[in-house]
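Asks: Next comes the sequence, and after it the predicted model I'd like to discuss.
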Amino acid sequence: MLEIERRSGMKPSPGSVYPTLQALEEGGFLKGREDEGKRIYEITESGRSLLSERAEPAAGEDDDAPPFARAMLAGRSVISASREVLRSNDVELITKVAEILERTRREIYTLLAASE
């Protein structure tokens with residue numbers, strides 16, 4: 001859970017993480033073991049295959065994806081980039097990104113209003 005928090009900037013709850021880990025283990029994607037009273041998980045070959053199938057496409061690779069999928073991928077990419085900016089602790093950069101995100105939010109709502 002600490003690694004998830006470190007990478008994503010979000011603190012997951014045990015109630016969401018452990019059932020997911022158990023399901024991945026039952027599916028053969030992870031292998032769990034006890035080590036000094038802690039449960040340690042390692043990815044299996046099946047898990048690596050799953051990751052490679054679901055890896056975020058490189059720029060341009062998702063051009064043929066359905067619009068819904070393209071929008072979801074774009075949103076995830078923006079969130080990921082925003083987290084990197086927050087980790088930088090560069091106040092000027094964070095301020096500029098916040099302004100970009102606010103403009104983008106307003107544009108999206110303008111599109112929604114126009115489509116109704």
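Replies: Received, thanks.
Asks: roughly how far is stretch 92-100 from the heart of the chain?
Replies: 21 Å (C-alpha atoms, centre = their mean, to the nearest Å).
Asks: Phi, psi for the spatially closest residue to residue 39 that is not a sequence neighbour please.
Replies: Leaving aside its sequence neighbours, residue 39 sits nearest to residue 32 (C-beta to C-beta, 6 or more residues apart in numbering; 5.6 Å). Bear in mind the C-beta positions are built from the backbone N, C-alpha and C, glycine included. Phi and psi for residue 32, reported as degrees, to the nearest 10, are phi -100, psi 150.
Asks: For burial, what's the neighbour tally of residue 32?
Replies: By the measure other C-beta atoms under 10 Å, the count of residues near residue 32 is 13.
Asks: Send me the helix or strand hosting residue 79 as PDB with only the CA atoms.
Replies: For residue 79, the host element (DSSP states H and E) is helix 67-88. The C-alpha coordinates for helix 67-88 follow below in PDB (Å, rounded to 0.1, in the frame of the first residue of the first chain):
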ATOM      1  CA  PRO A  67     -13.900   7.600 -28.500                       C
ATOM      2  CA  PHE A  68     -14.800   6.400 -25.000                       C
ATOM      3  CA  ALA A  69     -11.600   4.500 -24.700                       C
ATOM      4  CA  ARG A  70      -9.500   7.400 -26.100                       C
ATOM      5  CA  ALA A  71     -11.200   9.800 -23.600                       C
ATOM      6  CA  MET A  72     -10.500   7.400 -20.700                       C
ATOM      7  CA  LEU A  73      -6.800   7.000 -21.700                       C
ATOM      8  CA  ALA A  74      -6.400  10.700 -22.100                       C
ATOM      9  CA  GLY A  75      -7.900  11.400 -18.700                       C
ATOM     10  CA  ARG A  76      -5.600   8.800 -17.100                       C
ATOM     11  CA  SER A  77      -2.600  10.300 -18.800                       C
ATOM     12  CA  VAL A  78      -3.500  13.800 -17.500                       C
ATOM     13  CA  ILE A  79      -3.900  12.400 -14.000                       C
ATOM     14  CA  SER A  80      -0.600  10.700 -14.200                       C
ATOM     15  CA  ALA A  81       1.200  13.800 -15.500                       C
ATOM     16  CA  SER A  82      -0.500  15.900 -12.900                       C
ATOM     17  CA  ARG A  83       0.800  13.700 -10.100                       C
ATOM     18  CA  GLU A  84       4.300  14.000 -11.400                       C
ATOM     19  CA  VAL A  85       4.000  17.800 -11.300                       C
ATOM     20  CA  LEU A  86       2.700  17.600  -7.700                       C
ATOM     21  CA  ARG A  87       5.700  15.500  -6.700                       C
ATOM     22  CA  SER A  88       8.000  18.100  -8.100                       C
END
